[in-house]
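>>> Below are the sequence and a predicted model; questions follow.
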Amino acid sequence: MIYSQQVSIFAPVDVKLKIGLRIKELREKVKMSQKDLSYEADLDRSYIASIENGQRNVSIVNIEKIATALGVTIKEFFNDADFNKHTKSSK
């Protein structure tokens, strides 16, 4: 089980945290800061930070803005082996 914000390889991970980690992974891959991503996606920098930390239930519209700013399609965004492992739904 997950008892804190730590991610265990044996426990299902909250989808909000998975999305945040995926954004951070893609952002770092293209060597983009949160500030630069927020500018390119037309979103607030603190909003990007809270998404990456799994604190936001981000809309698909904003995921599309972020994916576009990162130079990937929605399909590429979600087409990741680690992302598609079992997810625990949040309530």
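Okay, I see it. Numbers count the residues shown, from 1 in each chain.
>>> Mind giving me the packing neighbours of the biggest helix by length in the chain?
Across the chain, the helix with the greatest residue count (assigned by DSSP state H) is helix 15-29. Contacts defined by 3 or more CB pairs under 8 Å, 6 or more residues apart in numbering; DSSP states H and E place helix 15-29 against helix 34-41, helix 45-52, helix 60-70, strand 87-88. In short, each C-beta sits where N, CA and C put it, glycine included.
>>> and for the longest one, what are the contacting residues?
For helix 60-70, contacts defined as CB atoms under 8 Å, 6 or more residues apart in numbering pick out 19, 23, 26-27, 30, 32, 37, 40-43, 48, 51, 58, 73-74, 76-77.
>>> just the buried members of the residues you listed?
Buried residues within the contacts of helix 60-70, counting neighbours by 16 or more other CB atoms under 10 Å: 19, 23, 26, 27, 32, 37, 41, 43, 48, 51, 58, 77.
>>> Adding pLDDT and distance to residue 83 as columns, could you present these in TSV?
Listed next are the buried ones among the contacts of helix 60-70 as TSV, based on pLDDT from 0 to 100; distance: CB to CB, whole Å:
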residue	pLDDT	distance to residue 83
19	94	8
23	97	11
26	96	11
27	97	15
32	97	19
37	98	18
41	98	19
43	98	20
48	98	18
51	97	14
58	95	14
77	94	8
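>>> burial of the residue nearest to residue 77 when sequence neighbours are not counted, as a residue count?
Distances taken as CB to CB, 6 or more residues apart in numbering put residue 67 closest to residue 77, at 4.5 Å, once the chain neighbours are dropped. Residues lying near residue 67 (other CB atoms under 10 Å) number 20.
>>> For residue 14, give the beta-bridge partners.
Per DSSP bridges, the residues bridged to residue 14 are residue 88.
>>> end-to-end on stretch 50-63?
One end of stretch 50-63 sits 13 Å from the other (CA to CA, to the nearest Å).
>>> Buried residues of the longest helix of the chain, list them for me.
Across helix 15-29, burial judged by 16+ other CB under 10 Å covers 15, 16, 17, 18, 19, 20, 21, 22, 23, 24, 26, 27.
>>> Okay then, goodbye and thanks.
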